[in-house]
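Chemist: sequence below, structure please.
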Amino acid sequence: MRVLGMMSGTSLDAIDVALVEFTRDAEEPSLLRARPVHIGERPWPGEVRDALRAALPPASSDAATWSRLHAAVGDAFAAAAAEVLAEQGGADLVATHGQTLYHDVQDGRVDGTLQIGDPSRIVAATGVPVIHDLRSADVAAGGQGAPLAPILDQLLLGTDPDERTAVLNIGGISNVSVVGGSENGRGVESGPSPGAVIAGDLGPGNCLLDAAVHAATGEPADVDARIARTGTVDHAALAVLLADPFYARPLPRSTGREHFDGQYVRGMLEAEGAVGVDALSLPDLLATLTELTTVTIARAIGELGASRVVASGGGIRNPLLRERLAAQLAPVPLLDADDLGIPADGKEALLIALLGYLSAHCPAPCPVPTAPPTQGLARRWCWALSPRLTRCAGVRAPPLRPIRSPSAVWRSRTRPGPHDDEHAAPGPQDPGVPTYPGVLAPRRVASDRDPDPVPLFLLVVAVIGALWSRRTARAARQNLDLTVP
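Modeler: This next block holds a predicted model:
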C-alpha cells in the first residue's frame, strides 16, 4: 500500500512530503516494511505563508480569516499532493497533518488544538482517500496532542536496551522523544518504568529567531546564522527568558506559537525590568535567542539520562545553534539523524505516512486503553474520515515491536526485497486498498479501486500501549514490526 504523508510545522518553511510503500512480509505477516519512494518538500505559496504568519498569535483574526486560510492551506496541500503523485505514480492513501493554527494550552492542560487545511480539496485534486486530524482525539481524552513522533522514534531507535536515545526535533518548537535503554533517566524522581518512552515539547526552536529576523529585516530567517555569529549573548536578558515557568513543567508537556509568539521576548524582558529588546542589537538578540534554544534543550535532555541525542529538523541546519547545542550537551554525543540512515528532512512526513497506514489497517472497533499520565506520551490518536461525523468509534492497532536496526538498510538497500514486489496482487495481510470510506468530499470521486461503501466513522488508534512495558511487548504474540529499507 502506498501512502503519501504530508506535514507542515510551526516554522512554516515548507510542506514536507513522503511517499512510502508499506508491505507485509509474506512469511511473517506481523512484519511491516516501509520503503521510501520519494521524500522531499514543496514550497508554500508566498501569499499563503504570509497570511498564515499574519494570523498567528499575538495577532487577532476572525472566523472569515480562518475559513479562507482553511481553504488556502487545503489548496496548497492539494497542489503538493497532486504534483508528487503525478511524478511518482500515484498512491492508495494520503495522510495529512495540515497546518496548526492554534494549540490552546492553559496551565499545562491542552483545551483544544486546531489544524487547518481542507482535506476535501486534496481529494478533489488527487481522487485519493485522505486521513486527517491527527491530534484531536488525544486532546479530547486529556492528553497533550503533541508531539506525534514517539511512535516512529520508538520503532526506529528504541530497540537497544543499552542505549537511551533522545530523539530531538528542532522546528519552530523543539521536542524530544526518549526511547530505549533499561534504566530510568538520571535526575527523574518519579519517572517511567525502565525503557519506557517519554516525550514532550521543550521550548522554542527556530520560532523566536525567525520572528526577530522577520521583524527587523523582513527576511524569513537568519540563513546559516550569519547575523547571529556576529553577536554576543546578553546574559542578563538570557536569565530573564530562562525564568519562564514553562521550563519547570514536567514532561509530557506541549506548547506553540501561542506562548512563544512574536511579542514574547519583548513582553518577558519588559515585565522584569531587564534590558529592553530595543536596546539589543539584532546580532546580540539572535545570539541570545540561539543560546536560549540550546540551553533549554540541553537542560531538559540532561534530566532524562540520555546516552546520545539524535537530531533532525530545520534547526539542526543552523550551524551556530548546532555548535552551541553540542557544547551544552557534552559529553553526550549529538548525532544527525542522517548519519543513522534516517532522512532527517523527511522524518515528520514519514511519520504522518506511518500514522495513515496504521489508521487504515485496524481491526474491529474496541475500547481504547488508557495509560497512566506519568508515562509521557499521547495514547490515542484520531483520524477523521468525514467532517460530518459527530460520534467516534475506537479501534486499537496491534502492539508494536521495535525494529532491530534501521541505519544500514535505509541508505544501502536500493533493490526491492523478496517481499517488496510492487506489482504483487494484494493479499489478505496487505490489502491493496484500504477498507474504510473512500473519499472526503461531498461528492464521491469514482474509482475502480474504491472500496465498498461502509458507514463513516472516526478511527481512534491506540498504537503505543504495548511500548510502555517491555514485558508486555515481549509477551505479545501479534506484534507489528517495522523495517526501513
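Chemist: strands paired with the helix or strand containing Ala34, and their directions?
Modeler: Ala34 is located in strand 31-42, with elements delineated by DSSP states H and E. If you go by DSSP bridges, strand 31-42 pairs up with strand 15-24 (antiparallel), strand 481-483 (parallel).
Chemist: what residues sit buried inside the lengthiest helix in the chain?
Modeler: Ordering each helix of the chain by length in residues (DSSP state H) puts helix 63-88 first. Using 16 or more other Cβ atoms under 10 Å as the test for burial, helix 63-88 gives 69-70, 72-82, 84-85. For every residue, glycine as well, the C-beta is placed using N, CA and C.
Chemist: how far off centre is it?
Modeler: Offset of helix 63-88 from its chain centre (Cα atoms, centre = their mean, to the nearest Å): 19 Å.
Chemist: quick revisit: tell me the one of the buried residues of helix 63-88 nearest Asp16?
Modeler: Lowest distance from Asp16 to these (Cβ to Cβ) belongs to Ala80, with 9.3 Å.
Chemist: can you pull the contacts of the closest one?
Modeler: Going by Cβ atoms under 8 Å, 6 or more residues apart in numbering, Ala80 touches Met6, Ile15, Val17, Arg42.
Chemist: ok, Leu292 next?
Modeler: Neighbouring residues of Leu292 by Cβ under 8 Å, 6+ apart: Gly203, Pro204, Leu208, Leu238, Leu241, Leu242.
Chemist: quick check: closest non-adjacent residue to Asp16.
Modeler: Once flanking residues are discounted, Asp16 sits nearest to Ala349: 4.0 Å by Cβ to Cβ, 6 or more residues apart in numbering.
Chemist: Arg253 now?
Modeler: Nearest non-adjacent residue to Arg253, counting by Cβ to Cβ, 6+ apart: Gly200, 4.6 Å away.
Chemist: burial measure for Arg24, as a count.
Modeler: Residues contacting Arg24 under the criterion other Cβ atoms under 10 Å number 20.
Chemist: where's it relative to Ala360, distance?
Modeler: 13 Å (Cβ to Cβ, to the nearest Å).
Chemist: columns distance to His97, pLDDT and neighbour count on top of the contacts of Ala80, output as CSV?
Modeler: CSV is the format used below for those (distance: Cβ to Cβ, whole Å; pLDDT from 0 to 100; neighbours: other Cβ atoms under 10 Å):
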residue, distance to His97, pLDDT, neighbour count
Met6, 7, 96, 30
Ile15, 10, 95, 27
Val17, 11, 97, 28
Arg42, 14, 95, 18
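Chemist: and these, which is closest to Leu325?
Modeler: Ile15 (26.3 Å).
Chemist: is it correct that that closest one is in contact with Arg42?
Modeler: Yes: applying Cβ atoms under 8 Å, one finds Ile15 in contact with Arg42, separated by 4.7 Å.
Chemist: state the phi and psi torsions of Val3.
Modeler: Dihedral pair for Val3: phi -130, psi 130, per degrees, to the nearest 10.
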